[in-house]
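> Give me the fold of what follows.
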Amino acid sequence: AASYLSEVRFHWRALAATCAGMGAGFLLNHYVANMFAPHLIAEFGWSRAQFALLGSMAFLTAFVVPVVGRMTDLCGVRPVAAVGVVVLPLRFVACSLMDGSLLMFGVISFFQLLLAGATTSSTVYSRLIAERFVSARGLGLALAATTPAIAGVIGSPLLHNAIEAWGWRTGYLIVAAYTAVGGALCLLLIPRDGGRARQGR
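Residues are numbered from 1 along each chain as shown. Model (predicted):
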């Protein structure tokens, strides 16, 4: 038990960085995308079928994930995650500026999937835990995996109220600010070795 707890205490930065990154990463889309859909469809006249078709582009991540995983092996977590930490907030800012072009929304979504889909997901961040935790590895991975859901449960009602009060464009900017702050916090917390650690025992 002492070893279990000391492992968590010794590697708290890696655990905190993983949770911050996951909570402000690509998986957050699962909890916020549907809030914007009715407003975009109503304002721009898109059909639900068209909107759903863009959502199907998620299959592209299947081709990106192996490349991102290999880059993480070669470069470490920080430089790979930094790509997504920069791109993801820019994606939400770009969405706030849309003029109704479905093609533009598709291009924005494509680059998000290509550059932020895997770089801000468990493919990258879980390495911080996997390389440091042994006895408490299951706990560390479980905490990281539940962080996006916790962020979604807490943030969704707040975001919904903000969209209703100030509009969907402001809602996108709020999400952009959140992902930027959460991503920056993650990068700051990542230990200096950037994801290629020795066990501190």
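
> low-confidence ranges in this structure?
1-2, 193-201 (pLDDT under 70).

> how many other residues sit next to Arg78?
Neighbourhood size, Arg78 [other CB atoms under 10 Å]: 21. C-beta here means a position set from N, CA and C on the backbone, and glycine is covered the same way.

> Okay, and Ser3 sits in which element?
For Ser3, the enclosing helix or strand under DSSP states H and E is helix 2-10.

> repeat for Gly152
helix 137-166.

> try Asp73
Going by DSSP H and E, Asp73 is in helix 61-75.

> residues in contact with that helix?
Contact with helix 61-75 is made by 80, 113-114, 117-119, 123-124, 127, 194-195, as judged by CB atoms under 8 Å, 6 or more residues apart in numbering.

> buried ones in it?
Neighbour counts using 16 or more other CB atoms under 10 Å place 61, 64-65, 68, 71-72 of helix 61-75 among the buried residues.

> nearest to Ala17, of those?
Here the nearest of those to Ala17, counting by CB to CB, is Thr72; it sits at 13.9 Å.

> The residue lying closest to Ala130 once chain neighbours are set aside and Ser126, how far apart?
Among residues not flanking Ala130 along the chain, Arg137 sits closest, at 6.8 Å (CB to CB, 6 or more residues apart in numbering). Going from Arg137 to Ser126 by CB to CB, to the nearest Å gives 10 Å.

> now Ala24
As judged by CB to CB, Ala24 and Ser126 stand 15 Å apart.

> So for this protein, the centremost residue is which one?
Nearest to the mean C-alpha position of the chain, counting by CA atoms, centre = their mean, stands Gly25 at 0.9 Å.

> export stretch 29-39 as CSV, just CAs?
Coordinates of each C-alpha in stretch 29-39 appear next as CSV, following Å, rounded to 0.1, in the frame of the first residue of the first chain:
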residue,chain,number,x,y,z
ASN,A,29,-15.9,17.1,-28.7
HIS,A,30,-18.2,14.2,-27.8
TYR,A,31,-19.8,16.3,-25.1
VAL,A,32,-20.0,19.7,-26.8
ALA,A,33,-20.6,19.1,-30.6
ASN,A,34,-24.3,18.3,-30.2
MET,A,35,-24.9,21.6,-28.4
PHE,A,36,-23.8,23.5,-31.5
ALA,A,37,-25.5,21.4,-34.1
PRO,A,38,-29.1,22.8,-33.7
HIS,A,39,-27.8,26.4,-33.8
